[in-house]
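J.: sequence first, predicted model second:
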Amino acid sequence: MVTTNNYTLGIVLNEMGFGESSKIIRVFTKEYGKISIMVKGAMSPKSRNLSVSQVFGLNEYLLKKGQSFFYISDSKILESNFKIRENYDNLVYASLLLEIIDKSSISGEANKKAFDLLRKTLNFFNFTKDPIGLALAFELKYLSFIGYRPKLDIKEKSYFSIREGIIDFQDPYSFSLTRRDLHFLNAILYGKLEELENIEDIEKSRKKYLHNIIIKYIKYNLDISSFKSDKLFN
């Protein structure tokens, strides 16, 4: 095995049991992008790697590269983000963001802007009272980072095509947007996460409608067939 020379920050996206006591975790790291780490003995309450293999956690890792997996040489937990689990809606929407990163990022390709955005967003999910708006803000910013930012010109009425972004006519793949919808989407796309609570808000039902459209857009353009949380948003 080859040991990496430097520590890297990593956010645990998901986990899968392996054997009786180990598990494989998929981690979005700042330096190496998405990687898989074999964590031996992680299911044991006494494991020194138990805390750094929990979903949502931000950790610092010194890694060894094996043939198929990375292995942990040393680690330290930095942000557990455990409070996300205390609110059902926050848990569902935050889990969706992890799945978006997992299914849209390429293994081994670093995206430091996306990493920093995910880290910051998860931190806000610990206490947000608007998980839908926060998820929407993340999704729009992430789409911008990877070259799929939709066109959100302010008009009296537009149609959002899940194939094209905004269009000026209705087709079988489009959903109507009002001027207020567009103002809201622009505000959360270009505003800071810290300032979400200060923007002009819209009804929760409308926010769900917009979120559903963006998820369809993500699926179509990033070639993702489904998300685990799909049935919860319908």
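T.: Cool, got the structure. Numbering: from 1, shown residues only.

J.: how about the strands in the protein?
T.: Ranges of strands within the chain are 2-3, 8-18, 22-29, 33-39, 58-65, 70-79, 157-161, 165-167, 174-178, based on DSSP state E.

J.: helices or strands up against the longest helix belonging to the chain?
T.: With DSSP state H applied, the helix covering the greatest number of residues in the chain is identified as helix 204-222. With contacts defined as 3 or more C-beta pairs under 8 Å, 6 or more residues apart in numbering; DSSP states H and E, helix 204-222 has these neighbours: helix 88-104, helix 131-145, strand 174-178, helix 179-190, helix 230-233. Every C-beta, even on glycine, is put in place using the N, C-alpha and C of the backbone.

J.: now for the residue most central in space within the chain: which residues touch it?
T.: The geometric centre of the chain, computed from its C-alpha atoms, lies nearest to L97 (C-alpha atoms, centre = their mean), at 2.6 Å. Contacts for L97 were tallied using C-beta atoms under 8 Å, 6 or more residues apart in numbering; they are 118, 121-122, 135, 138-139.

J.: for F18, what are its contacts?
T.: With contacts defined as C-beta under 8 Å, 6+ apart, F18 is in contact with 24, 38.

J.: ok, it to I24 distance?
T.: F18 sits 5 Å away from I24 when distances are taken as C-beta to C-beta, to the nearest Å.

J.: likewise L222?
T.: From L222 over to I24 (counting by C-beta to C-beta), the distance is 23 Å.

J.: which one of the two is surrounded by more residues?
T.: Taking neighbours as other C-beta atoms under 10 Å, L222 and I24 compare with I24 leading, 17 against 14.

J.: so who does the more buried one touch?
T.: 15-16, 18, 36-39, 69.

J.: how does it look with 6 Å?
T.: By C-beta atoms under 6 Å, 6 or more residues apart in numbering, I24 lies in contact with 16, 18, 36, 38.

J.: and N186, by the same measure?
T.: By C-beta under 6 Å, 6+ apart, the contact list for N186 reads L152.

J.: recalculate using a threshold of 8 Å.
T.: Under the criterion of C-beta under 8 Å, 6+ apart, the contact list for N186 reads 152, 154.

J.: try L182
T.: Residues touching L182, when contacts are defined by C-beta under 8 Å, 6+ apart, comprise 152-155, 158.
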